[in-house]
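**Student:** no sequence for this one, just the structure:
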């Protein structure tokens, strides 16, 4: 499975439609809002996705270095972060 389009992604919202684009104008997502708070929240989450994934990877690396055993045993937090990263990538490997 391919990697996502690198961010940052920008949210443009005119109240009827939310568009997530790159700075160069490349379209990432186009959502009909229909004046709905939940749809607006979903659009903001989509736009923040690349940054959230980067933070999750950084978090996992930090907790692995600080909390996991030197014998290679992973803590629950590290395993949870790895599972989420794998799910976003659609792969078995993070």
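**Tutor:** Structure received. Just so it is clear, the structure is predicted and the values come from calculations on it, not from any experiment.
**Student:** and residue 65, that one's in a helix?
**Tutor:** Yes: counting by DSSP: H, G, I helix; E, B strand; the rest coil, residue 65 is located in a helix.
**Student:** Can you get me a residue count around it?
**Tutor:** Neighbours of residue 65 under the rule other Cβ atoms under 10 Å: 9. Just so you know, the C-beta spots here come from the backbone N, C-alpha and C atoms, and that holds for glycine as well.
**Student:** Check it and give its pLDDT.
**Tutor:** pLDDT recorded at residue 65 is 77.
**Student:** separation between it and residue 6?
**Tutor:** Distance of residue 65 to residue 6, given as Cβ to Cβ, to the nearest Å: 25 Å.
**Student:** Could you do residue 85 as well?
**Tutor:** Applying Cβ to Cβ to residue 85 and residue 6 gives a distance of 16 Å.
**Student:** do the same with residue 24
**Tutor:** Taken as Cβ to Cβ, the span from residue 24 to residue 6 is 11 Å.
**Student:** of the two, who's got more company?
**Tutor:** The neighbour count for residue 24 versus residue 6, taken as other Cβ under 10 Å, is higher for residue 6 (9 against 5).
**Student:** residues in contact with that one?
**Tutor:** residue 50 (Cβ atoms under 8 Å, 6 or more residues apart in numbering).
**Student:** Let me know the helix or strand that it is in.
**Tutor:** Counting by DSSP states H and E, no helix or strand carries residue 6.
**Student:** Let me know the distance separating it from residue 90.
**Tutor:** Taken as Cβ to Cβ, the span from residue 6 to residue 90 is 16 Å.
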